[in-house]
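Trainee: What would the 3D arrangement of this be:
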Amino acid sequence: MLRSAALSLLWLVPLPIASCTGGGPDDPGRPLILGYSAELQTLNPLISTDQNANDVIYHLLYTPLVVYDSTYRVRPWLAESWELGEREVVFKLREDVRWQDGEPLTAHDVKFTFDLATDPSVGSPLGAVYLADVAEAEVMDDHRIRFRFASQLSQPLESFFWPPVPRHLLEGVPPEELSRHAFGRSPVGSGPYRLVRWQAGEQLVFEANAGFAPSLGGPPRIPRVLYRIVPERTTLLAEFLRGDVDVYGTLGPTDAGRVEEAPGARLIAFPWRMFTYVGWNTRREPFKRAEARRAMAMAIDRQELLTAVLGGRGSPAVGPIPPWHPYAPDLAPLPYAPDSAVAILERLGWRDTDGDGFREREGRRLKFTLLTVASSPVLSDVAQIVQAQLARVGVQVEPQLLEWQTVLSQHRARDFDAVLTNWILDNFRVDPRPLFHGSQAATEGSANRSSYASAVADSLMDLGVTLTDDAEARRVWARFTRVLQRDQPITFLFWNDELAGVRDGLEDVRMDARGELVTLPRWRWGSADGERSR
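Mentor: This next block holds a predicted model:
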C-alpha cells in the first residue's frame with residue numbers, strides 16, 4: 001500500500017483559511033490544522049490504496065466493524081459484539097450509528113459493501129487484503145450479519161477491519177464505475193467527522209459530526225479539522241515551525257532535529273508498519289543460490305543504516321512480523337558478519353584475482369544494479385551506504401535511482417537484479433503468503449517479486465494462518481522466520497519509525513502503528529497553548 005500519492009482532485013469552491021481559524025488559543029472552536037505534502041487519492045473505502053487517505057477514512061469519516069486497541073488486539077466498534085464459530089462469525093451491530101445524512105446504518109450496508117469488495121470488476125483492495133478467505137455474507141436482520149469462512153483462520157476477526165459504505169447512495173452505481181464515482185470526493189460516512197469541502201491541491205475541511213453514535217464516544221472534542229496540502233516539504237516545515245500548522249504529518253528524518261529544537265513544538269516518534277528491505281531476483285545470478293544472498297545480507301550493517309539515515313529511529317528487522325506484534329518471534333536479526341560473508345563468497349568461487357578490490361568468477365565481476373526511488377532521500381541514502389558496505393567485501397553495487405512508478409513496474413515485471421524499497425502492512429494479521437508463497441513465485445504481477453519458492457516455507461505459512469492457539473502460532477512463525485533468514489529471498493533491513501511534529505497546547509495526542517490520526521477525535525486544546533502567529 002502506498003504511504004501517499006498525488007492525484008488531481010475535483011475542484012470545489014475555495015474556503016479561505018482565515019475564515020475558519022477561530023479565536024484565541026483557549027477558544028474551543030479553534031480548528032486543528034494538519035499539514036501533509038501529498039494529495040489524497042479518494043475517500044471511498046472500497047477503492048483507496050493510499051495510507052494517508054486510509055488514516056482519514058478509518059479514523060475520521062467511517063466506522064469499521066472492528067478496530068484495534070493500543071496492544072493491537074481486535075475490539076468491537078460498529079459491531080458491538082460477535083459470536084465466533086469454527087468457520088463463521090455473527091456480528092451484532094450497534095443501533096445508534098447513522099450515516100451523516102441521517103439514514104440508519106444497517107447490516108444491509110455491510111452486506112452491500114462485502115459484495116462490492118469481493119466483486120472483481122470493482123478492483124477493491126479490501127477483497128484481497130481482508131476478505132480473500134471469507135466465502136459469503138448473510139443478513140440475519142437489520143443489525144445482525146453472518147460471515148462464513150472458506151477455511152479455518154488463525155486470526156479471523158482481522159478480516160473485518162473495514163468500514164461499510166452507504167447502500168442507499170451507491171446501489172445504483174455500476175461496480176466498474178465506482179473508482180470514478182463522485183462519492184470518492186464527496187463521501188457520506190458514519191464517523192466522528194464529515195467532509196464539508198475539498199479544495200484540490202490546497203485543503204480538505206472536516207467538521208464534527210454532531211450525530212456521531214453516543215456508544216462510540218459521541219462528537220469529537222475539536223469541532224473543525226483542516227487537512228492542508230503543502231507539496232513543498234521545506235515550506236510545510238517552515239509553516240509548522242512558525243505555528244501556522246498544528247501537526248506536521250509524515251515528517252522526514254532530516255527535519256526531526258529542527259522540530260525537536262523548535263520552541264512550542266514537540267516530536268512524536270512511534271513504531272510504524274513499514275519495513276525497508278533489499279529484494280533479490282532469485283532468477284538471476286548471483287542470487288540464484290541462497291548462500292550468495294545470505295553473504296550479501298551479512299555484509300550489510302543494519303545498525304549503521306539506522307544511525308546514519310534515520311537517526312536511530314527504528315529497529316533492525318528480523319522478518320515480516322513487526323517487533324511490537326503479539327506474534328513477533330523472539331529472534332535476533334541475521335548478524336552483521338563481513339568475515340563470514342567473505343568466506344561464503346570465497347567458497348562459491350568469487351575471488352579478487354586481479355587485485356582491483358572486486359571479486360570475479362569465470363571472468364565475470366561480482367556486480368549488480370540496485371534499483372531504488374530517486375524521490376526518497378531515505379532510500380537514496382541507504383543505497384549509497386549499502387554500496388559502500390558491500391564494496392568492503394568485494395561486491396560492486398551500482399545504484400540506479402528512478403521514478404517510483406518505474407521502479408514499481410520493473411519490480412513487478414521481475415526486471416531487476418536487486419531492489420531497495422519498502423513494504424507497508426495493510427493490517428495486523430500475520431499472513432506473509434503474498435510475499436513468499438511458492439504458488440505466487442511465477443504469477444505475473446504478484447507480490448512475490450523475488451520468485452521465492454520453498455516447500456518448507458510454504459508448509460509453515462499454510463499452517464500458521466490456520467492456528468488459533470497464540471503460543472503455537474508464535475512457534476510456527478518463529479520457524480518460518482528462521483527459514484527466511486537462511487534463504488534470504490529478501491534481506492530485511494529495518495522497521496521504520498514514523499515521525500510527526502505537534503505544536504504544544506494540543507493535548508491527548510497519541511500516535512502508534514494504527515495510524516497518526518487514530519485518536520484524533522479525542523484530541524483537545526489545552527489552556528497553555530501559545531498564540532498562533534499570523
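Trainee: okay, CA-based contacts and neighbour counts for the rest of this
Mentor: Noted.
Trainee: hmm, who's touching stretch 137-147?
Mentor: 88-95, 106-108, 110-111, 114, 134-136, 148 (Cα atoms under 8 Å, 6 or more residues apart in numbering).
Trainee: Among those residues, which lie within strands?
Mentor: Among these, DSSP state E puts E88, V89, V90, F91, K92, L93, V134, A135, E136, R148 in strands.
Trainee: my guess is the fourth one contacts G85, does it?
Mentor: I take that to be F91. No - look at F91 against G85 with Cα atoms under 8 Å: they stay out of range, at 11.4 Å.
Trainee: List only buried entries from the contacts of stretch 137-147.
Mentor: Neighbour-count burial (16 or more other Cα atoms under 10 Å) applied to the contacts of stretch 137-147 gives 88-95, 106-108, 110-111, 114, 134, 136, 148.
Trainee: hang on, the earlier thing: out of the ones in strands among the contacts of stretch 137-147, which comes closest to E171?
Mentor: For those, the closest approach to E171 (Cα to Cα) belongs to E136, at 18.7 Å.
Trainee: how about JSON lines for the ones in strands among the contacts of stretch 137-147, with pLDDT and distance to L493 added?
Mentor: Shown next, in JSON lines, are these (pLDDT from 0 to 100; distance: Cα to Cα, whole Å):
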{"residue": "E88", "pLDDT": "96", "distance to L493": "38"}
{"residue": "V89", "pLDDT": "97", "distance to L493": "38"}
{"residue": "V90", "pLDDT": "98", "distance to L493": "41"}
{"residue": "F91", "pLDDT": "98", "distance to L493": "40"}
{"residue": "K92", "pLDDT": "98", "distance to L493": "42"}
{"residue": "L93", "pLDDT": "98", "distance to L493": "42"}
{"residue": "V134", "pLDDT": "96", "distance to L493": "33"}
{"residue": "A135", "pLDDT": "96", "distance to L493": "36"}
{"residue": "E136", "pLDDT": "97", "distance to L493": "39"}
{"residue": "R148", "pLDDT": "97", "distance to L493": "38"}
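Trainee: Sort out which one of the residues you listed lies nearest A79 for me.
Mentor: Nearest member of the ones in strands among the contacts of stretch 137-147 to A79, counting by Cα to Cα, is L93, at 4.2 Å.
Trainee: contacting residues for that closest one?
Mentor: L78, A79, E80, S81, T106, A107, H143, R144.
Trainee: Now rank those by neighbours and give me the top one.
Mentor: Using other Cα atoms under 10 Å as the neighbour criterion, L78 leads the contacts of L93 with 28 neighbours.
Trainee: For the stretch 401-534 of the chain, which residues score under the pLDDT cut-off?
Mentor: 527-534 (pLDDT under 70).
Trainee: Could you pull out the strands in it for me?
Mentor: Taking DSSP state E, counting those that start in this stretch to define them, one finds strands in the stretch 401-534 of the chain at 418-424, 490-503, 506-507, 524-525.
Trainee: and the angle from the second one to strand 418-424?
Mentor: Pointing back at strand 490-503 there. 50 degrees (axes from the mean of the first three to the mean of the last three Cα atoms, to 10 degrees).
Trainee: Pull strand 490-503 out as PDB, backbone CA atoms only.
Mentor: These are the backbone C-alpha positions of strand 490-503, laid out as PDB (Å, rounded to 0.1, in the frame of the first residue of the first chain):
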ATOM      1  CA  ILE A 490      14.700 -10.500   0.600                       C
ATOM      2  CA  THR A 491      17.100  -9.000   3.200                       C
ATOM      3  CA  PHE A 492      15.100  -7.200   5.900                       C
ATOM      4  CA  LEU A 493      16.900  -4.000   6.900                       C
ATOM      5  CA  PHE A 494      14.800  -2.100   9.400                       C
ATOM      6  CA  TRP A 495      11.300  -1.200  10.600                       C
ATOM      7  CA  ASN A 496      10.900   2.500  10.200                       C
ATOM      8  CA  ASP A 497       9.600   4.700  13.000                       C
ATOM      9  CA  GLU A 498       7.000   7.200  11.800                       C
ATOM     10  CA  LEU A 499       7.600  10.800  12.800                       C
ATOM     11  CA  ALA A 500       5.300  13.700  13.300                       C
ATOM     12  CA  GLY A 501       5.600  17.300  14.600                       C
ATOM     13  CA  VAL A 502       3.000  18.500  17.100                       C
ATOM     14  CA  ARG A 503       2.500  22.000  18.400                       C
END
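Trainee: quick one: low-confidence parts of the stretch 201-350 of the chain?
Mentor: The model of the stretch 201-350 of the chain has no residue with pLDDT under 70.
Trainee: Quick one: neighbours of G172, just the number.
Mentor: When neighbours are defined as other Cα under 10 Å, G172 has 8 of them.
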